[in-house]
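>>> turn this into a structure:
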Amino acid sequence: MSYLVLCVGAFTVARFLLKTLLVLAQTFVLPGKNLKMFGATEGAWAVITGASDGIGKEFALQLAAAGFNILLVARNEVALTAVAAEIARNTASKVEARIQLVDFAKHDPAPLNALRSVVSDLNVGVLVNNVGKAHCSYFVETVEQEIEDIVAINIGATLRVTHAVLPGMIQRKRGLMLNVGSFAGQVPTPMLSIYSSTKAFLTTFTSALAEEVRSHNIMVQNLNTYFVVCVFSPPFTTNCVLMLMRSQATKMPGITKSSMMVPTAATYVHSVLSKIGLSCGAALSDRPDTLTPYWGHALLDYVIHVIGWKAFFISYFHRILINRRRAQLEREGKQQ
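I've put the predicted structure just below:
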C-alpha cells in the first residue's frame, strides 16, 4: 500500500512539474505557428466578424500587416469603412480590404446568404469569430430581447459564419479558425450568466470541431481571454471579452487603462498571433484546442486550474462584477 501511495504521489508531482514547465515554456519561450502556413503574403483572405472596433479591429489591422487580404464583417458601415481605409493607409495597397454588413442579432437570412456567397469565392485562410455581446446584470433583471440577442450573436453568428467558411478551407486543405472565448466560459460567472454560458458552448464547439477538421490540415482554437482594454463604437455591442461591464442603466465601457492583467487590444492580438497552435496557460488542463495567449491571463489560468476550487472563483468573479457595477453607478451619480 505504501508503495502504491508513493507511486501516485510521484506521478502527481511529476504531472504538476510538467504542467508548470509546459505553461512557462509556451507562454514565454516557444513561438507559435507561422501565419504563412495559412496563406499570409500569398493572396489568402482573413474573415473577421465584429471587426468595427476593439479586438476585431486589431485582428484586422495585424492580419493585414502580416499579408492577408481582409473581409471586415459587422453591422456598422461607417466604422468598417474607417477600418478598411486604415488598412489601406498602413499597408500601402499591398492587401485588399472589403466590408460586409451583417447584423447578427436580426433573424434575416439575406445578409447571411450574401456573406456565404462572398466567402465562397475567396481563398479564406483565416476566420476570426470575434463578434459577441456581453451583459452585466442578474439573470432576473435581464430583458428577454437582451437574452435573445446574446444567444443569437455569441452562438448563432459563430455557427453560421463557420458553416459558410469551412467548406472552402476543407477543399483547400488549409485554414485557421480562431474563436474569441472568455474566462467566463471556463468559470461560471454570476451577473454574466447568459454570456458565460454562450462562451462555455464555444469551448465545447471548438474542441469538437477541431478534431473533425484536423485531418484536413485546419486548426481551430478557442481563445481564452480575461479583461482587455478596448475602444468601442456606439452602441457598444462588445467584441472584447468581459470588457463591457455595465448595469441596466449604462452603456459606458468599464475599463479604460491597461495593466499587467489588462492588456490593450493591440497587445492582446499580438500575443494571439505569436502563439498560434500552442496552449500557454491552458496547457494540460483538459481543454483541447484552447489557447490562453497573453502572459498575464496565462498565469491566472494556470493558477485557477492548479487550485481547482471552482466555487471559490465563481464567488471571486461575482465580487469583481458587483464592485465594478457599484463603482459605475457611483460615477454616474457624481456626474448627475
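>>> for D53, phi and psi?
phi -160, psi 180 (degrees, to the nearest 10).
>>> assign a three-state SS to the residue nearest to K36 when sequence neighbours are not counted, would you?
Nearest residue to K36, sequence neighbours excluded (C-beta to C-beta, 6 or more residues apart in numbering): E42, at 7.3 Å. C-beta: built from backbone N, CA, C; applies to glycine. Following DSSP: H, G, I helix; E, B strand; the rest coil, the label given to E42 is coil.
>>> so how many other residues sit close to E42?
Neighbours of E42 under the rule other C-beta atoms under 10 Å: 11.
>>> and it, how close does it get to A65?
In this view, E42 and A65 are 15 Å apart by C-beta to C-beta, to the nearest Å.
>>> what about the helices in the stretch 51-200 of the chain?
Listed in chain order, the helices of the stretch 51-200 of the chain (DSSP state H, counting those that start in this stretch) span 54-65, 77-91, 109-120, 144-151, 157-172, 193-213.
>>> other residues contacting the second one?
Among residues not part of helix 77-91, those counted as contacts by C-beta atoms under 8 Å, 6 or more residues apart in numbering are 51-53, 57, 60-61, 64-65, 70, 72, 74, 95, 97-99, 101, 233.
>>> and those, which of them are buried?
When those are checked for burial by 16 or more other C-beta atoms under 10 Å, the buried set is 51-53, 57, 60-61, 64, 70, 72, 74, 95, 97, 99, 233.
>>> of all pairs in these, which one is the farthest apart?
Greatest spacing in these, by C-beta to C-beta: V95 and S233 (22.7 Å).
>>> mind listing what Q221 touches?
Counting by C-beta under 8 Å, 6+ apart, Q221 touches L176, M177, L178, N179, T206, A210, I276, G277, D289, T290, L291.
>>> dump the residue contacts of the second one.
Residues in contact with M177 (C-beta under 8 Å, 6+ apart) are V126, L127, N129, T162, V165, L166, M169, L209, I218, M219, V220, Q221.
>>> how near is F59 to F38?
13 Å.
>>> those two - which one has more neighbours?
For F59 versus F38, neighbours defined as other C-beta under 10 Å are more numerous around F59 (29 against 26).
>>> contacting residues around that one?
The contact partners of F59, taken as C-beta under 8 Å, 6+ apart, are A46, I48, A51, V128, N130, L178, V269, V272.
>>> farthest pair within the residues you listed?
Of all pairs drawn from the contacts of F59, the greatest distance, 14.8 Å, lies between A51 and V272 (C-beta to C-beta).
>>> what are the buried residues along the host helix or strand of G333?
Using DSSP states H and E, G333 maps to helix 310-335. Going by neighbour count (16+ other C-beta under 10 Å), the buried part of helix 310-335 is F313, F317, L321, R324, R325, Q328.
>>> ok, so of the residues you listed, who is nearest H305?
Nearest to H305 among the buried residues of helix 310-335, counting by C-beta to C-beta, is F313 at 10.0 Å.
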